[in-house]
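[1] below are the sequence and a predicted model; questions follow.
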Amino acid sequence: MSTAITDFRSAANEQELLELEKKYCSWGDTVHYLKPPKFFERAEGHYLYDREGTPYLDLQMWYSAASFGYANQRLNEALKNQVDKLPQLACQYLHSEKVELAAAIGRLNASKFSLDGRVHFNVGGAQAIEDSLKIVRNATGKSLVFAFMGGYHGRTLGASAITSSYRYRRRFGHFSDRAHFVPFPYCFRCPYGKKRETCELYCVDQFAKNFETEYNSFWDPKTGESEFAAFYVEPVQATGGYVIPPDGYFPALKKVLDERNILLVDDEIQMGFYRAGKFWAIENFDVAPDIIVFGKALTNGLNPLSGLWAREDLISPEVFPPGSTHSTFSSNPLGTAVGLEAVRMMEEEDYEALTRRKGAYFLAQLRELQRRYPKVIGDTDGIGLALRLEICHEDGFEPDRDLTDRMFAEGMKGDLDARGRKVGLVLDVGGYYKNVFTLAPCFDMTEEEIDISVELLEQLIRRCAPDRLSR
Ligand SMILES: Cc1ncc(COP(=O)(O)O)c(C=O)c1O
């Protein structure tokens, strides 16, 4: 075969690469928020470097997949060692790293929730969500589940069916059962128009009402059975805009679920591994889940390993036998080796204290920024190092998507001033109205670097909303 198909010497410049991308790459496997999309060449710590070598301070760390820093030396070494030792192995054979990683997560959850369980691996978050749907269906014999409005669980057919955006399903029809979507307690924009100080968790009461009589269609009082098998939750909504539920919400919701024998499935794909100040975000809210689904930062983004932990009675080999659902790459040795090293690292360092301390420092600065620019920032909040900045019109409430987009694009120009150094700023936009900067900074950032990040955000405000600087 001719080697001409890989001859790209003529494509040395970005323009030519963009032409190739336009012709040969599916645009369906990514998003094109920037026009044209940006190339990067190198990554280290919390900086991405473009083809000219300009550094971009990253405040989203690959949607929290690379929380421990790009090119983290310790985790890179774990990967390299495994490449030299046992790089490939069919999953039907065992290797120690898989077993030890599963045991570590099993022990951790036993200590946190006093529950025995097992770990099941796959690649990519959505695939692990699919596996959890099979476990739920297999254990309960039911296929209907609840999920939150504003939730995001991935893009496979099953995961799309429990993700609230119709936009993600519209062109693909239905395969899995569509979830019944329940409003998330997004108190800044309460779906019921209430105020948290006085609402007494009205939203949980509304959910509970679904089961009040058989005519509400969720419950058969004669058999004492719900039509729904599980409730899929992100304890802190991620793509939905890093929305943090109020105190007391999850215990009240769990009480309803327990009364109706409905499982709680906890999607920790984005918020797990200390992003929200605890190993699992759900630990902030005093409830024990029946299934936990995880991915992203398990390998610091070095390998697309994902997985789930399920209570023993849902996943024991008697009920979920060998071959129930698997993939060629499911517990691949490279991913499990890095995952094991990452969990060791998380055991050795007090990431709970670290993420809480740095998160509180960062949030205080964001609140100060909001105080100075109330005609731009409507809401700031945070838990651990998951922080949100909601960009609004002058009234501080109406979402301003246009300004959010302009600030995002301005950061990607790469010409901000970081105390004399020319840099860019990488942000992620989320939220129901696409007007929220969801900040997932690197855990290694120092307080000085947090100060610089806030200064860069301020530069974006001053450049993009010059007419809204007064209080
Ligand atoms: C909470 C949550 N669940 C599921 C997914 C899907 O994971 P993946 O993109 O690895 O399929 C994501 C991805 O952003 C997510 O944030």
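    It's in.
[2] quick one, what contacts the residue in the chain positioned nearest to the ligand?
    Proximity of the chain to the ligand (C-beta to the nearest ligand atom) peaks at Gly125, 2.2 Å away. All C-beta atoms are positioned from the backbone trio N, CA, C, and that covers glycine. By C-beta atoms under 8 Å, 6 or more residues apart in numbering, Gly125 lies in contact with His153, Gly154, Ala159, Ile269, Val293, Gly295, Lys296, Ser306.
[3] state the distance from it to Leu305.
    Remark: distance between Gly125 and Leu305 (C-beta to C-beta, to the nearest Å) = 10 Å.
[4] up against the ligand, what does this protein have?
    63, 124-126, 129, 152-154, 234, 238-239, 267, 269-270, 295 (C-beta under 6 Å from any ligand atom).
[5] re the thing from before, just flag the most distant two among the contacts of Gly125.
    Greatest spatial distance among the contacts of Gly125 (C-beta to C-beta): Ala159 and Lys296, at 14.2 Å.
[6] low pLDDT regions in this protein?
    Where the chain drops to pLDDT under 70, the residues are 1-3, 9-11.
[7] so which residue is smack in the middle of it?
    Centrality entry for the chain: nearest residue to the mean C-alpha point is Gln270, 2.2 Å, by C-alpha atoms, centre = their mean.
[8] isn't that one right next to Ser67, touching?
    No: between Gln270 and Ser67 there is no contact under C-beta atoms under 8 Å: 10.1 Å.
[9] any residues in contact with both of the two?
    Taking C-beta under 8 Å, 6+ apart as the contact rule, Gln270 and Ser67 both touch Ala440.
[10] torsion angles phi and psi at Leu389?
    phi -140, psi 110 (degrees, to the nearest 10).
[11] residues in contact with it?
    Listed by C-beta under 8 Å, 6+ apart, the contact partners of Leu389 are Leu366, Leu369, Gln370, Ile377, Asp379, Thr380, Val436, Phe437, Leu439, Leu457.
[12] quickly list what it is bridged to.
    In this entry, Leu389 is beta-bridged to Thr380, Phe437, by DSSP bridges.
[13] numbering from 6 from now on, please.
    Okay, residue one is now 6; in that scheme the one you just asked about reads as Leu394.
[14] look up how far Tyr191 lies from it.
    For Leu394, the distance to Tyr191 equals 15 Å [C-beta to C-beta].
[15] do Ile167 as well
    18 Å.
[16] neighbour-wise, which of the two wins?
    Using other C-beta atoms under 10 Å as the criterion, Ile167 and Tyr191 rank with Ile167 on top: 27 against 21.
[17] list the contacts of that one.
    When the contact criterion is C-beta under 8 Å, 6+ apart, the partners of Ile167 are Ile134, Leu138, Val150, Ala152, Gly156, His158, Ser181, Arg183, Ala184, Tyr237.
[18] hmm, Lys301 and Gly312 touching each other?
    No: with contact defined as C-beta under 8 Å, Gly312 and Lys301 do not form a contacting pair (11.2 Å).
[19] helices of the protein, start to end?
    19-29, 66-69, 78-90, 101-118, 130-145, 162-166, 201-204, 207-214, 254-264, 317-320, 338-353, 356-377, 406-416, 452-469 (DSSP state H).
[20] kindly reformat those as CSV containing distance to Phe290.
    Output for the helices of the chain, formatted as CSV (distance: least, C-beta to C-beta, whole Å):
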stretch, distance to Phe290
helix 19-29, 42
helix 66-69, 18
helix 78-90, 29
helix 101-118, 12
helix 130-145, 19
helix 162-166, 23
helix 201-204, 15
helix 207-214, 13
helix 254-264, 4
helix 317-320, 21
helix 338-353, 20
helix 356-377, 15
helix 406-416, 28
helix 452-469, 26
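[21] quick one: closest of those to Ala9.
    helix 19-29 (13.9 Å).
[22] pull out the buried residues from the closest one.
    By neighbour count with 16 or more other C-beta atoms under 10 Å, helix 19-29 contains no buried residues.
[23] what's the burial count for Phe236?
    Neighbours of Phe236 under the rule other C-beta under 10 Å: 25.
[24] same deal with the one 10 residues further on?
    By the other C-beta under 10 Å criterion, the neighbourhood of Gly246 contains 29 residues.
[25] OK, contacts around it?
    Listed by C-beta under 8 Å, 6+ apart, the contact set of Gly246 reads Gly155, Tyr191, Arg393, Glu395, Gly435, Gly436, Tyr437, Val441, Thr443.
[26] list phi and psi for it.
    Torsion angles, degrees, to the nearest 10, at Gly246: phi 120, psi 30.
[27] can you map out the strands along the stretch 206-355 of the chain?
    Taking DSSP state E, counting those that start in this stretch, the strands of the stretch 206-355 of the chain run over residues 224-225, 230-231, 233-238, 268-272, 296-299, 310-316.
[28] ok, back up a step: got JSON lines for the contacts of Ile167, with neighbour count too?
    Listed next are the contacts of Ile167 as JSON lines, based on neighbours: other C-beta atoms under 10 Å:
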{"residue": "Ile134", "neighbour count": "28"}
{"residue": "Leu138", "neighbour count": "27"}
{"residue": "Val150", "neighbour count": "25"}
{"residue": "Ala152", "neighbour count": "25"}
{"residue": "Gly156", "neighbour count": "23"}
{"residue": "His158", "neighbour count": "30"}
{"residue": "Ser181", "neighbour count": "18"}
{"residue": "Arg183", "neighbour count": "16"}
{"residue": "Ala184", "neighbour count": "22"}
{"residue": "Tyr237", "neighbour count": "25"}
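[29] among those, which lie within strands?
    Here DSSP state E is the test, and the contacts of Ile167 give Val150, Ala152, Tyr237 as lying in strands.
[30] quick one: the nearest residue to the second one once chain neighbours are set aside and Arg176, what's the gap?
    Looking back up the chat, that one is Ala152. Once flanking residues are discounted, Ala152 sits nearest to Ala184: 3.9 Å by C-beta to C-beta, 6 or more residues apart in numbering. Using C-beta to C-beta, Ala184 is found at 19 Å from Arg176.
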